[in-house]
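Chemist: model the following, please.
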Amino acid sequence: MSQDLSALEDWATVLLNRLDSNERRKFMGTLAQELRRSQRQRITAQRNPDGTAFAPRKPKQTLRGKQGRIKSKMFTKLRTARYLKIQSSGVGFSVEFLGRVARMARVHQYGLKDRPERGQADVRYEARQLLGFTEQELETIRNAVIDHLAG
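Modeler: Numbering: from 1, shown residues only. Here you go, the predicted model:
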């Protein structure tokens with residue numbers, strides 16, 4: 001996967017260097033928005049980039065939230081634009097979690113240990129890849145670069 005990504009980066013860099021900086025910045029912004037939309041849909045579907053399902057929650061965890069609601073999906077707030085941020089420039093773009101939620105996302109992304117609440121013991125979380133490239137997203141990036149340069 002990383003080889004595909006580096007090959008795509010090398011290929012796209014040569015083509016995008018032919019654009020002026022304003023046009024490149026606009027294109028990077030639209031591409032970043034499209035990628036964020038795709039990541040949001042994948043997180044909503046509870047899927048890793050390779051297509052496997054997220055590891056399920058632990059069974060002893062209470063699923064009732066405020067006022068008796070039953071929470072059925074993980075990361076419902078994380079996938080909103082408030083937490084899943086886009087940063088773009090003429091050089092590149094990124095879709096990332098910023099601020100305090102970045103720590104929680106990193107714990108789930110890599111399956112690290114964390115303390116759920118103050119005073120509790122550390123818990124090892126299952127790895128759930130929130131951010132990553134699927135084959136379809138790489139193909140979308142390739143097609144967007146070609147379409148932008150052709151039209």
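
Chemist: please name the nearest non-neighbouring residue to the spatially most central residue of the chain.
Modeler: Taking Cα atoms, centre = their mean, the centroid of the chain lies closest to residue 131, which sits 3.0 Å from it. Distance criterion Cβ to Cβ, 6 or more residues apart in numbering; nearest residue to residue 131, sequence neighbours excluded, is residue 39 at 6.0 Å. Using the backbone N, CA and C atoms, a C-beta is placed for each residue, glycine as well.

Chemist: now residue 25
Modeler: Nearest residue to residue 25, sequence neighbours excluded (Cβ to Cβ, 6+ apart): residue 90, at 4.5 Å.

Chemist: which strands and helices sit next to the longest helix seen in the chain?
Modeler: Scanning the chain for the helix with the most residues, using DSSP state H, yields helix 21-44. Packing partners of helix 21-44 (3 or more Cβ pairs under 8 Å, 6 or more residues apart in numbering; DSSP states H and E): strand 84-88, strand 93-97, helix 135-150.
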